[in-house]
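What follows is a predicted structure for the sequence shown.
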Amino acid sequence: MSSTTFRDSTVVIIETSRTSIRAGIGLHDLLRLPTVDIPARVGLRRSAVSQNGDEGPSSSKAPVSTKVTDYLVGSQLDEALATDQDITVYWPFANGDVSDFIQAEALWKYVLFNQLGLRRAQMESPVMLSVVAGLSRDAYERICQIFFERFNVAGFAILDRPMAQFYAVISGLQLSGVVVDIDLEHTDVTPIADGFPIHLARTVVPIGLNDCLAYLAHLFRSNTSVMSTLSPADSPLSEEALQEALVALARHVWESGLIKVLAEGEAARDLEDEGVTDIAAIVVAGKERAVIESGMKRKQNAKAQPAEQARAKEMEALDLVSTEFREKELTLGKERHRFCEPLFDPALLDGIPGVKEKEPKDLRLPLQTAVGEAVARTEVDLRNYIWQGLFVTGAITNHIKGLGAALSARVSPYILSAPDPLNNEVQPRAVKTLRVPDYFAEYRDKGDGLAGFLGTSIIAKLSFNDSGGKNYVSKADYVSRGPRVVLGMSPSLL
């Protein structure tokens, strides 16, 4: 047990997901956004691969003799790929574990010493690391060894990433729920009971953000206005170039926040029609800019010519939007709101260009089915509490709001339609969705995709300020007891 405490300004937070790493240094009164956000990938020149007798694709395992310094990371890898150099790319966390610890070390080393500007010889910072859930004890020990022996950190603790995401949204004594994390290629469903992830009930669905992008790109092919603008008849694009342009347009529409996901039976509410009745509430909610912009928009419409007013009314009635993409003006219709349909009906992806084949196909469940089955694997008396904390997060939620409400409406088959609380206290009667609270000012209007980093920051503030030192490993603890000490002194493993 350590009695060391650390200054908040020295604490390092690292969130490691399947496909990205976010990091930052320093804890403040207002918990801040990550200052580092890089893809969790490394590159190796094929010349180095062939010298070791391995000509495999990017998904294959790297040569055993490869060193940390052989890998390209971050901007170096981006530049190499941009110039079409012969590079093999590896994603060490993509399968939900650590497939190669040398590659993982290369990524964490780049974040600590290149992006955050720390120095190994003068390392005074403790590190709170959130990682994918379900790693073996050997993996936890190996990670602890890397951070102390290779990076010389002053303190270290590991946190399961679903728990970090959940800590960002819970309040009071609510310690049970289910976290749905939608990544690029996979969706992880993790039930949580009384503050502990239920690993036997965890479910992975091989559908993610990239599938939604490919699906929307396919829908745009039926929009004649979009097709004629991107690939005019006098100078048509090749099929490969057209597919790339459509996927890029889908990503642009998603990042621009032009997509809505409505729960079944839910009507869209427009801020312009609500009226401003409580200025203080508007300011607290952070909507003052939206109110000002909507007022300016109404004034501009009032001064517009009759033809322009008619066009604006037509676009509003048909739910059309105009957006600028690659210096071209495009008009998009309601098809953009079908972006998330593959999450709830994976069969729509069959035969869609750009969708990767993932085996086995029988694991490609609708999201509502995957969540329902995951909760059904938990103890009967826990399910009612778990349904009170449905939280949808991941990269897709950075620019799309309402996914939690849409999912809660679709899991109704798992909830009693006519509950009798007097005679049935166990069966779930309702679903409650969670989101990142507005009082985290830096995270307001950022979506729920940064919940993992926010939760990791919260636990770091609690753990490294604990004078008892029960929730992290100090350097003295590591020297006296070795890597195994992390198994009894981390927030994930108590």
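That came through, no problem.

which SSE is residue 385 in?
Per DSSP states H and E, residue 385 falls inside helix 380-386.

what does that helix rub up against?
Identification of contacts with helix 380-386 by CB atoms under 8 Å, 6 or more residues apart in numbering yields 176-178, 191-193, 375-376, 378, 425-429. (Each C-beta comes from the backbone N, C-alpha and C, glycine too.)

got it, and stretch 235-251?
With CB under 8 Å, 6+ apart, stretch 235-251 has contacts from 212-214, 216-218, 220-221, 226, 230-231, 325-326, 330, 339, 353-354.

And those, which of them are buried?
Buried subset of the contacts of stretch 235-251 (neighbour count, 16 or more other CB atoms under 10 Å): 212-214, 216-218, 220, 226, 230-231, 325, 330, 339, 354.

when you check those residues against the helices, which ones overlap?
Here DSSP state H is the test, and the buried ones among the contacts of stretch 235-251 give 212, 213, 214, 216, 217, 218, 220, 226, 230 as lying in helices.

Report the two of the residues you listed separated the most.
Greatest spatial distance in these: 212 and 230, 19.6 Å, computed using CB to CB.

What ranges does the stretch 301-450 of the chain have for its helices?
Taking DSSP state H, counting those that start in this stretch to define them, one finds helices in the stretch 301-450 of the chain at 306-317, 341-344, 367-376, 380-386, 403-410.

Return the member of the contacts of helix 380-386 nearest to residue 347.
Of those, the one sitting nearest to residue 347 (CB to CB) turns out to be residue 376, at 22.1 Å.

List the residues that contact that closest one.
Listed by CB under 8 Å, 6+ apart, the contact set of residue 376 reads 383, 414.

quick one: it from residue 428, how far?
For residue 376, the distance to residue 428 equals 10 Å [CB to CB, to the nearest Å].

Residues in contact with both of these two, list them for me.
383, 414.

circling back to that earlier point, just flag the most distant two among the buried ones among the contacts of stretch 235-251.
Every pair of the buried ones among the contacts of stretch 235-251 checked by CB to CB; the farthest is 212 and 231, at 22.4 Å.

which secondary element of this structure has the worst mean pLDDT?
Sorting the helices and strands of the chain by mean pLDDT, DSSP states H and E puts helix 271-274 at the bottom, at a mean of 35.

sorry, back to before: what's the spacing between the helix holding residue 385 and its chain's center?
Its chain's C-alpha centre lies 26 Å from the corresponding centre of helix 380-386 when counted by CA atoms, centre = their mean, to the nearest Å.

do the same with stretch 225-241
Relative to its chain's centre, stretch 225-241 lies at 33 Å (CA atoms, centre = their mean).

change the start of the numbering to 17 and stick with it
From this message on, residue numbering opens at 17, which makes the last subject stretch 241-257.

any chance you could map the helices in the stretch 67-216 of the chain?
91-98, 117-125, 153-161, 177-183.

With mean neighbour count and distance to residue 167 added, can I get those in a markdown table?
Converted to a markdown table, those look like this (neighbours: other CB atoms under 10 Å; distance: least, CB to CB, whole Å):
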| stretch | mean neighbour count | distance to residue 167 |
| --- | --- | --- |
| helix 91-98 | 14 | 19 |
| helix 117-125 | 21 | 7 |
| helix 153-161 | 17 | 10 |
| helix 177-183 | 27 | 20 |
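
Mind checking those for the one nearest to residue 81?
In terms of CB to CB, the element of these nearest to residue 81 is helix 117-125, at 10.0 Å.

Tell me where the stretch 317-466 of the chain is predicted with low confidence.
Counting by pLDDT under 70, the stretch 317-466 of the chain has low-confidence residues at 317-334, 375-378, 433-441.

can you map out the strands along it?
Ranges of strands within the stretch 317-466 of the chain are 337-341, 344-348, 406-410, based on DSSP state E, counting those that start in this stretch.

Using CSV, please lay out those together with distance to residue 154.
Formatted as CSV, the strands of the stretch 317-466 of the chain follow (distance: least, CB to CB, whole Å):
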stretch, distance to residue 154
strand 337-341, 48
strand 344-348, 50
strand 406-410, 28
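
so which of those gets nearest residue 187?
Closest to residue 187 of those is strand 406-410 (CB to CB; 12.2 Å).

How far away from the center of its chain is that closest one?
9 Å.

quick one, that strand and helix 383-392 angle?
Using axes from the mean of the first three to the mean of the last three CA atoms, to 10 degrees, the inter-axis angle of strand 406-410 relative to helix 383-392 is 120 degrees.

for strand 406-410, packing partners?
When contacts are defined as 3 or more CB pairs under 8 Å, 6 or more residues apart in numbering; DSSP states H and E, strand 406-410 packs onto helix 177-183, strand 193-198, helix 419-426, helix 467-480.

helices or strands up against the helix or strand immediately after the last one in the chain?
Looking back up the chat, that one is helix 467-480. Next helix or strand after helix 467-480 toward the C-terminus (DSSP H and E): strand 489-490. Judged by 3+ CB pairs under 8 Å, 6+ apart, the packing partners of strand 489-490 are strand 171-176.

Tell me which residues are up against the strand it packs on.
So strand 171-176 is contacted by 18, 20, 22, 142-150, 156, 159-160, 163-164, 213, 471-472, 475-476, 479-480, 487-491, 494, 502, 505-509 (CB under 8 Å, 6+ apart).

just curious, which of the buried ones among the contacts of stretch 251-267 is nearest to residue 52?
Closest approach to residue 52 among those (CB to CB): residue 229, at 24.2 Å.

Need the pLDDT of the closest one.
pLDDT, residue 229: 95.

for residue 193, what are its contacts?
Listed by CB under 8 Å, 6+ apart, the contact set of residue 193 reads 182, 186, 207, 208, 402, 404, 405, 406, 407, 450.

hmm, back to that, among the helices of the stretch 67-216 of the chain, which comes closest to residue 429?
Ranking these by proximity to residue 429 (CB to CB) places helix 177-183 first, at 24.1 Å.

what about that closest one, average pLDDT?
The predicted model gives helix 177-183 an average pLDDT of 94.

could I have that helix exported to PDB, CA atoms only?
Extracted C-alpha coordinates of helix 177-183, given in PDB (Å, rounded to 0.1, in the frame of the first residue of the first chain):
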ATOM      1  CA  ARG A 177     -13.000   1.000 -20.400                       C
ATOM      2  CA  PRO A 178     -16.700   0.100 -20.000                       C
ATOM      3  CA  MET A 179     -16.500   1.100 -16.400                       C
ATOM      4  CA  ALA A 180     -14.800   4.400 -17.200                       C
ATOM      5  CA  GLN A 181     -17.600   5.100 -19.700                       C
ATOM      6  CA  PHE A 182     -20.200   4.200 -17.100                       C
ATOM      7  CA  TYR A 183     -18.600   6.400 -14.300                       C
END
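
For it, name the packing helices and strands.
Counting by 3+ CB pairs under 8 Å, 6+ apart, the packing neighbours recorded for helix 177-183 are strand 28-32, strand 142-147, strand 193-198, strand 203-209, strand 406-410, helix 467-480.
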